[in-house]
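S.K.: Prediction below, plus the sequence it came from.
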Amino acid sequence: MENLILKTGFENVISNDNSEHKLQIMSLMTVFMQNALKTANIYTKHSNRNIITSIDISLGLKKELFTFLDNDDIEERALKIYNDFK
């Protein structure tokens, strides 16, 4: 059973002091969501609407899934959000 835990990486998730890791993940997810919502806004404007729909958000999330790491300012924005969360 111990080998199974090591292979799945489950032991890496469980730790006593993971609050810093949680903040880092939350800040990256916040940047991800901001980018996705900006993309959803662009989709809304291009279709001549004023309200962002769930489909726009879904498409924005899908686009961001493929383009997130191509952005140059991810680390800077995530660090700023991380410091705001602290």
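M.R.: Nice, thanks for sending it over.

S.K.: ok, residue 38 - contacts?
M.R.: residue 60 (Cβ atoms under 8 Å, 6 or more residues apart in numbering). Bear in mind the C-beta positions are built from the backbone N, C-alpha and C, glycine included.

S.K.: does it count as helix, strand or coil?
M.R.: With DSSP: H, G, I helix; E, B strand; the rest coil as the basis, residue 38 sits in helix.

S.K.: which element is the residue nearest to the spatial centre of the chain on?
M.R.: Nearest to the mean C-alpha position of the chain, by Cα atoms, centre = their mean, lies residue 29 at 2.4 Å. Under the criterion of DSSP states H and E, residue 29 resides in helix 19-46.

S.K.: returning to that earlier point: from residue 85, how far out is the residue nearest to the centre of the chain?
M.R.: The gap separating residue 29 from residue 85 is 11 Å, by Cβ to Cβ, to the nearest Å.

S.K.: do the same with residue 42
M.R.: For residue 42, the distance to residue 85 equals 27 Å [Cβ to Cβ].

S.K.: circling back: return the per-residue confidence for the residue nearest to the centre of the chain.
M.R.: pLDDT recorded at residue 29 is 94.

S.K.: Quickly note the distance from it to residue 36.
M.R.: Residue 29 is 10 Å from residue 36, by Cβ to Cβ.

S.K.: now residue 24
M.R.: 19 Å.

S.K.: quick one, which of these two is more surrounded?
M.R.: residue 36 (22 against 16; other Cβ atoms under 10 Å).

S.K.: could you point out which element follows the helix holding residue 29?
M.R.: The element immediately downstream of helix 19-46 (helix or strand, assigned by DSSP H and E) is helix 54-67.

S.K.: where does the protein dip in pLDDT?
M.R.: Scanning the chain for pLDDT under 70 picks out 1-17.

S.K.: same thing but at 90, please
M.R.: Counting by pLDDT under 90, the ranges of the chain that qualify are 1-24, 69, 85-86.

S.K.: How about the contacts made by residue 65?
M.R.: By Cβ under 8 Å, 6+ apart, no residues touch residue 65.

S.K.: my bad, residue 48
M.R.: With Cβ under 8 Å, 6+ apart, residue 48 has no contacts at all.
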